[in-house]
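Participant: Provide a 3D model corresponding to the input given below.
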Amino acid sequence: MSRPSTSGSFDRDPVSVLLDSGARRILERAYATPGRWVTTRLADPEAGHVSYFGSIGINVNAADRAGRALNAHTRWGRAFVRSIYYQHLWYSNVGGRGWRAQRRTTERTAGALKLEVGRHMAPLGVIPAGRIVWVILFPGGAPARKAVDREPERARIFTPEGGQGGAAADVSRRDWS
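Facilitator: As a prediction, the model looks like this:
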């Protein structure tokens with residue numbers, strides 16, 4: 001079960017923290033080309049990752065239990081998705097102008113992200129085996145609202161009226177503390 005941190009919020013998933021630098025790299029590319037899909041390959045976890053996270057009770061190769069509208073396939077993939085959203089909401093500068101050194105006091109509201117996690121791919125030269133991840137940033141305003149309106153209600157984290165949608169986090173289902 002997750003425990004509140006000293007600031008009153010819940011601690012971050014330790015797997016997603018590990019993936020923050022990769023999340024920032026794909027976000028930088030999405031910010032540079034708003035309205036266009038960018039891709040990366042999320043490399044499979046290394047044996048050391050599997051061993052370490054297993055020792056603290058997290059099976060990074062287990063099926064993604066959150067599923068719902070976005071199937072991240074594995075716990076590892078879901079952690080990457082969480083990291084992308086976390087970096088976007090709390091550390092990105094509007095307009096893609098670098099990264100904040102300190103966490104924002106409120107979530108970023110400019111722009112809307114959409115992510116998809118695809119099939120597993122075999123290694124290709126220096127590119128490791130892993131899953132394809134697509135990210136698109138819809139600019140704020142009307143384009144963002146249209147992008148959100150096209151999504152089914154169950155896929156939305158928050159509804160336009162300010163309530164929680166079907167994809168809201170269920171703290172009781174977390175496997176980290």
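
Participant: when you work out contacts or count neighbours from here on, use the C-alpha atoms and nothing else.
Facilitator: Noted.

Participant: just give me the residue right at the centre of this protein.
Facilitator: With distances taken as C-alpha atoms, centre = their mean, the residue of the chain nearest its centroid is Val81 (2.2 Å).

Participant: any idea which helix or strand comes after the host helix or strand of that residue?
Facilitator: Using DSSP states H and E, Val81 sits within helix 75-90. Following helix 75-90 in sequence order, the next helix or strand is strand 112-121 (DSSP H and E).

Participant: and that following strand, what does it pack against?
Facilitator: Helices and strands touching strand 112-121, by 3 or more C-alpha pairs under 8 Å, 6 or more residues apart in numbering; DSSP states H and E, are helix 75-90, strand 130-138, helix 142-150.

Participant: adding mean pLDDT, write those out as CSV.
Facilitator: Shown next, in CSV, are these (pLDDT from 0 to 100):
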stretch, mean pLDDT
helix 75-90, 94
strand 130-138, 95
helix 142-150, 70
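
Participant: ok, back up a step: residues in contact with the residue nearest to the centre of the chain?
Facilitator: Val81 sits next to Ser16, Ala72, Leu115 when contact means C-alpha atoms under 8 Å, 6 or more residues apart in numbering.

Participant: can I get the residues you listed in a markdown table with neighbour count?
Facilitator: Shown next, in a markdown table, are these (neighbours: other C-alpha atoms under 10 Å):
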| residue | neighbour count |
| --- | --- |
| Ser16 | 21 |
| Ala72 | 25 |
| Leu115 | 18 |
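
Participant: cheers, nothing more for now.
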